[in-house]
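Colleague: My questions are about this predicted structure, shown below with the sequence.
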Amino acid sequence: MLKVSKLNLVGNNTQVQEAIKKIPSHERQLISIKRQQSIKESLYLYLLQKKEEAALSYASTVADSRIVDQAFYSKKPVAPKKSLVMLSGFLLGIIFPIGYLYLKSVFNDKITGQQDIVKSTTAPLLGEVSYDESGEAIVVQANSRRAIAEQFRAIRTNMQYLHGRKPSKKGNVTLFTSSVSGEGKSFVASNLAVALALSGKRTALLELDLRKPKITKYLDLKHPVGLSNYLIGQVQIPEIIQTSKFNDKLSIIGSGPIPPNPSELLLQGDIDTLFGYLRENFEEIIIDSPPIGLVTDAQILSRVADVTLYVLRQGVTNKRDVRNIEQIFKSNKFPKLNLLLNGVKIGSSYGYGYGYGYGYGYYSDDAKHSEKSLTSIIQNISKRF
């Protein structure tokens, strides 16, 4: 019995020993299996992560919209409407210029032509002088056929009707004045004196604007002695008379040194003696006096004048000054007061262009001046605005 038990135990021990010997190989197999499991698990997790990333990327790029109908277009623009744009442009093209011209006329306080003069005063308008771009002080020449020279000749003719026929043979005295400085009074007086001399009349031009003389400069006179020297008794009348280089019929009496008291000098009796002498020796006496809007010299000289020519200038003379002329005209402060419009710009922004062909190439000398450079054309266009 014991032997049988022993044999059984020995057999079991042998089996156990065989099993123990197999344990390392099984352990190695188990470790290999675990290693493969870990690798497979890591690979699975990596692929799963990439799958989710791809799904998120796809979801962000795919739009949520879908095409319901196919797009279509019209050959004509839907907006803006061409007819509305053209209508608006047409209306603005009319309203803006009209508004601009209206506002310009409302805020412009300078005279722009004859209609401003006629509306403000009943004083007669003797003539007008075009704006001269040449810059010459004397524009009236012996053989000149320029429009402005013809205008001065027309004024010369009209002056004969103003003075009329005198029973005596004494000379005519014409007084030139204006509202303010810069209206061309000295320019008009000088050129009209030249025009009278060219007609064969003995003419004397007096520079009695003792405060701001310009005729001496215009006629390039060098004689230092003048009216102020005579009025204070330094010289006699023949000593202050100079013959003009423009015409031997024209004599000039310059102002001389500027005195501190011009008005007081003109009130002296020597001025009457001077004009008595001039009336006996000259047929036409032209007086260039100061503006009446600044000093009283012109009113003092009005007592020795036969005719008064009041010079206005387009774009310079204030409309208020023209209204003041009406009071002067009605009060008869100046003998035979007539107006002269100076500086009329033909075809300018004032746009009046009175006369018979001035500025339209009617005169041959004007045709020579009609050629303008690009700069002068640009300047002319800019003046319109």
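Modeller: Cool, the structure landed.

Colleague: going forward, measure contacts between C-alpha atoms and count neighbours the same way
Modeller: Noted.

Colleague: Could you list the low-pLDDT ranges of this protein?
Modeller: When the per-residue scores of the chain are filtered using pLDDT under 70, the ranges that remain are 60-64, 167, 346-385.

Colleague: I'd like the distance from the longest helix seen in it to the chain centre, please.
Modeller: Longest helix in the chain by number of residues, with DSSP state H as the criterion: helix 2-61. Distance of helix 2-61 from its chain centroid, counting by Cα atoms, centre = their mean, to the nearest Å, is 105 Å.

Colleague: where along this protein do the helices fall?
Modeller: Using DSSP H, helices in the chain cover 2-61, 82-107, 114-120, 147-163, 185-198, 215-218, 227-231, 237-240, 262-266, 270-281, 297-301, 319-331, 364-369, 374-383.

Colleague: Of those, which stretch is the most buried?
Modeller: Highest mean neighbour count among those (mean count of other Cα atoms under 10 Å): helix 185-198, with a mean of 25.

Colleague: follow-up on the earlier one: put together a markdown table for the helices of the chain, with distance to Asp69 on each row.
Modeller: What follows is those, written out as a markdown table (distance: least, Cα to Cα, whole Å):
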| stretch | distance to Asp69 |
| --- | --- |
| helix 2-61 | 22 |
| helix 82-107 | 29 |
| helix 114-120 | 71 |
| helix 147-163 | 78 |
| helix 185-198 | 84 |
| helix 215-218 | 88 |
| helix 227-231 | 101 |
| helix 237-240 | 105 |
| helix 262-266 | 98 |
| helix 270-281 | 105 |
| helix 297-301 | 92 |
| helix 319-331 | 73 |
| helix 364-369 | 74 |
| helix 374-383 | 59 |
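
Colleague: do you know which of those lies nearest Leu250?
Modeller: helix 185-198 (5.4 Å; Cα to Cα).

Colleague: just the angle between that closest one and helix 147-163, please?
Modeller: In this structure, helix 185-198 runs at an angle of 80 degrees to helix 147-163, with axes from the mean of the first three to the mean of the last three Cα atoms, to 10 degrees as the basis.

Colleague: quick one: contacts of helix 185-198?
Modeller: When contacts are defined by Cα atoms under 8 Å, 6 or more residues apart in numbering, helix 185-198 is touched by residues 137-142, 152-153, 155-156, 176-178, 202-205, 214-215, 218, 246-250, 284, 286-288, 311, 342.

Colleague: From the residues you listed, list just the buried residues.
Modeller: 137-140, 152-153, 155-156, 176-178, 202-205, 214-215, 246-247, 249-250, 284, 286-288, 311, 342 (16 or more other Cα atoms under 10 Å).
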